[in-house]
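Structure for this input, please:
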Amino acid sequence: MRITVQLQTSGSEKYWDPDLPDTGLPVVPPPGEIKCVSEKPNSAVLSWGCPKGLEGRKSFRVKWSPSENEEVTTDFYKIEIDNLQLGQQYFFSVATEDENGNLSKWVTASVFTVVPPPRHLTKGHTGATAMSLEWTKGDNMEGIPHQFLVKVKSPGKEPFAICTKDCNKTFSDLEPDTEYTISVLTVLNGQRSKEVSITTHTDSFLQQHIVLKMALCQFAIPLLLPNSETKELTMMLWSMREIVRTYRPPQQAFLKLNCEERIVNSDIPLVSFVRLGRTGLSKSLILNKLLCNTEHNLLSNTEQYHDTFYHRNMVCGDIPRRISDGLVEISWYLPCGDRNIDKFTEPMAVANLRGDIRFFDKQFSFLCQTSAAVYIFHNESETNYFKCLEGKDVKANVILISSGKTFTLKMLMKEPCLKTTDVSQKKKS
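Numbering: from 1, shown residues only. Okay, here's the model as predicted:
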């Protein structure tokens, strides 16, 4: 137990500490507790209490670490130390010095300098299920290794946080028409800056409006939309919810009754078309010719040819792709109930994957699990790829379409036992 004794001598208080050895020299009382008045990125303001029992002229010595040989003397109970490093922990020590140069015990306190917060947080692109943010580094942070912590909060949902070294971030798989509060803070040496926040809403109608207009114009619309940066996929069912289609199934054809329903709620089988490697066949062109003819457009029941899927033979169709690889488009074939017009008596959805399935395994796996049939356009030199199908959860019927000889295709009957059919010869009807 420490005991502090104050002695009264000649009308003045003297300070004595039994923990110190008796050297015969006067014992100088230490200053009071050190307090940090304010912290800045490169400086700190400290203050301390008056020493008890010390008469006459006095001053204070201040030193700090990890700086070497840094020590100053002041006659005041307050000092500002500058030229400090950002986000660094410092140990400050203060001792009382009497008029004879005698020092008291050192009183120590630790202080962290401030980490500058990010600046200019702004919202970039905003969609129904995605948004992007941008910001700039804090003051004097250029050249200093650090990272940012991004926190996302939304009412009724579990908050989450991610770290990044970049000054931008794109979020996908968000909920449409939902309020989000996104905070960004700087992390340096384990210390965090103040948060910079922005509150925004995901766009609930822009994406939906565009998809609806595409459907009205009889264009194929996105089903699986890949993020060009993160490669994550967004299923666009929410954006399709306003699409309503009318068709006449064969059961109601003789009654001349139409069926009208939202397309996302319809129980319609899906038929998918994909490509393996490079091939001279154009899926999109073949799809358009299969679903349309010069007499009637089966997708829309109008007597006009229309390209539903964009293909290489269209105007500007030979422009190299930049962001559409990995996109899965979808359209619908809906019968009108006239046997002289309908090629298919039942409605069906038609999906088209842009790009080579070797590089988009996630999309291909999704189509194999959800489709009634998957048609693969390929070159016979790529047949070794089909050995990979043995380990996949393939629920669809797989049909191979090739413009080459059938010898290589016949080998597939053995491994991995895919059924092949020669359709090179047209049947006479």
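
what sits opposite residue 180 in the beta ladder?
Beta bridges link residue 180 to residue 200, judged by DSSP bridges.

ok, now how distant is it from residue 157?
9 Å (CB to CB, to the nearest Å). Yep, even glycine has a C-beta here, placed from its N, CA and C like the rest.

So which of those two has more stuff around it?
A count of neighbours by other CB atoms under 10 Å puts residue 180 above the other of residue 180 and residue 157, at 18 against 12.

can you tell me how far residue 234 sits from residue 72?
Computed as CB to CB, the residue 234 to residue 72 distance reads 60 Å.

Which one's more surrounded, these two?
Set residue 234 next to residue 72 and count neighbours by other CB under 10 Å: residue 234 wins out with 21 against 11.

Tell me how far that one lies from residue 134.
Counting by CB to CB - residue 234 and residue 134 are separated by 21 Å.

Check residue 36 too.
34 Å.

And residue 186, by the same measure?
For residue 186 relative to residue 134 (CB to CB), the value is 15 Å.

swap in residue 265?
Remark: distance between residue 265 and residue 134 (CB to CB) = 38 Å.

quick one: which of those two has more around it?
Using other CB under 10 Å as the criterion, residue 265 and residue 134 rank with residue 134 on top: 16 against 10.

Wait, a helix at residue 289?
Yes: counting by DSSP: H, G, I helix; E, B strand; the rest coil, residue 289 is found in a helix.

what's the neighbour count on it?
Residues lying near residue 289 (other CB under 10 Å) number 14.

If we ignore the residues flanking it in sequence, what's nearest the residue nearest the centre of the chain?
Residue closest to the average C-alpha location in the chain (CA atoms, centre = their mean): residue 171, at 3.4 Å. Nearest non-adjacent residue to residue 171, counting by CB to CB, 6 or more residues apart in numbering: residue 131, 5.5 Å away.

next one: residue 277
residue 382 (3.9 Å).

Also residue 87?
residue 188 (3.7 Å).

Run through the bridge partners of that neighbour.
residue 191.

what helix or strand does residue 369 sit in?
Per DSSP states H and E: residue 369 is located in helix 361-370.

avg pLDDT for that helix?
Per-residue pLDDT over helix 361-370 has a mean of 91.

With just CA atoms, put stretch 338-349 into CSV.
The C-alpha trace of stretch 338-349 is given here as CSV (Å, rounded to 0.1, in the frame of the first residue of the first chain):
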residue,chain,number,x,y,z
ASP,A,338,-54.6,-21.9,-84.4
ARG,A,339,-53.2,-25.2,-85.7
ASN,A,340,-52.4,-23.7,-89.0
ILE,A,341,-50.1,-21.2,-87.3
ASP,A,342,-48.7,-22.8,-84.2
LYS,A,343,-45.6,-24.9,-84.5
PHE,A,344,-45.9,-26.0,-80.9
THR,A,345,-49.1,-26.5,-79.1
GLU,A,346,-47.7,-25.9,-75.7
PRO,A,347,-46.1,-22.7,-74.3
MET,A,348,-42.4,-22.8,-73.5
ALA,A,349,-39.6,-20.5,-72.3
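
in it, what's buried?
342, 347, 348, 349 (16 or more other CB atoms under 10 Å).

same question, stretch 260-269
263, 268.

average model confidence for that stretch?
Stretch 260-269 carries an average pLDDT of 85.
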